[in-house]
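Participant: below are the sequence and a predicted model; questions follow.
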Amino acid sequence: MSLAAEGRPPAPGRVERTDAVLPERVVTRLLAVLAVASGSLDVVCVTRLGGLFASVTTGNLVQLGRAIATVDGQLAARATTTVGGYAIGVAGGTVGLRGSGSGWRRRTSLVALVEVLLLTGVAVGWLVTGGHSGTSTSAVLLGVAAAAMGVQSTVTIGSAAPGASTTYLTGTLTSLVRALAAAPHRLDAPAAARVAAFVCGTVLGALVLRVSPLWAPALPVALVAVVVGAALIHGRSRGAP
């Protein structure tokens with residue numbers, strides 16, 4: 001418990017420091033940018049890495065089932081690697097945020113920085129192969145991209161925004177439509193913004209793929225890096241260590 005919470009002033013010369021939680025309005029904006037990042041990454045993976053997603057694990061499980069039914073070893077390997085990568089990312093992000101409390105804290109930003117590093121690895125691999133990855137390389141890139149999205153999912157859940165998602169939007173869209181059907185005059189603006197942001201991300205990703213395909217994976221790197229930088233700067237201004 002802090003000295004202020006106990007009703008006693010801090011000792012002379014002592015600066016009270018807390019791992020400040022970012023305000024809800026800031027977190028809402030950060031999550032929207034993360035949704036843009038996941039949309040832009042997914043369109044790259046689906047169109048250039050064998051038809052699998054980095055974040056939509058349901059779709060990848062469908063592809064895994066199809067691969068088993070058709071005895072398609074290459075598709076099975078890519079689907080297994082992608083699902084496994086996502087699971088590893090979720091596990092790693094969960095361990096990184098363990099004990100940090102709810103809300104977007106400094107440790108949340110540090111875990112998101114791990115996502116930036118993973119996405120950077122995907123971008124570097126893409127550049128090295130000239131955007132024309134072979135089967136084995138595609139599987140590796142998919143696995144790393146999925147791990148990054150797994151980390152992002154834990155960051156989103158850890159931000160404590162109610163029902164928030166920035167990687168899989170089926171539940172978000174379902175809740176949004178149900179709420180509108182029940183009360184048409186009430187709109188869940190943050191949820192609607194994340195859905196719109198994800199679609200915008202896919203549009204941006206597709207445009208970059210068309211204009212400058214080698215730099216397409218750099219877009220999600222830049223977006224998540226902006227989120228991390230903004231969160232750290234805002235947290236520092238609030239006195240976070």
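Facilitator: Thanks, I have the structure now. Only a predicted model underlies this, so the values are computations on that prediction, with no experimental measurement involved.
Participant: excluding chain neighbours, what is closest to Ser138?
Facilitator: Leu49 (4.7 Å; C-beta to C-beta, 6 or more residues apart in numbering). C-beta coordinates here come from the backbone N, C-alpha and C atoms, glycine included.
Participant: check the gap between the one you found and Gln63 for me.
Facilitator: 12 Å (C-beta to C-beta, to the nearest Å).
Participant: overlap in contacts of the two?
Facilitator: Shared contacts of Leu49 and Gln63 (C-beta atoms under 8 Å, 6 or more residues apart in numbering): Arg78.
Participant: shaky segments in this structure?
Facilitator: Within the chain, the stretches with pLDDT under 70 are 1-20, 133-135, 237-241.
Participant: so where does Leu31 fall, helix or strand?
Facilitator: Using DSSP states H and E, Leu31 falls within helix 24-48.
Participant: what's next to the next helix or strand after that helix, contact-wise?
Facilitator: Where DSSP H and E defines the elements, the next helix or strand beyond helix 24-48 is helix 57-70. With contacts defined as C-beta under 8 Å, 6+ apart, helix 57-70 is touched by 51-53, 72-73, 75-76, 78-80, 82-83, 86, 146, 168, 170.
Participant: one more: stretch 81-94?
Facilitator: By C-beta under 8 Å, 6+ apart, stretch 81-94 touches 52-55, 57, 60-61, 64, 111, 114-115, 118, 139-140, 142-155, 158.
Participant: give me that answer again for 6 Å
Facilitator: Contacts made with stretch 81-94 from outside it, assessed by C-beta atoms under 6 Å, 6 or more residues apart in numbering, are listed as 52, 57, 60, 111, 139, 142-143, 146-147, 150-151, 153-154.
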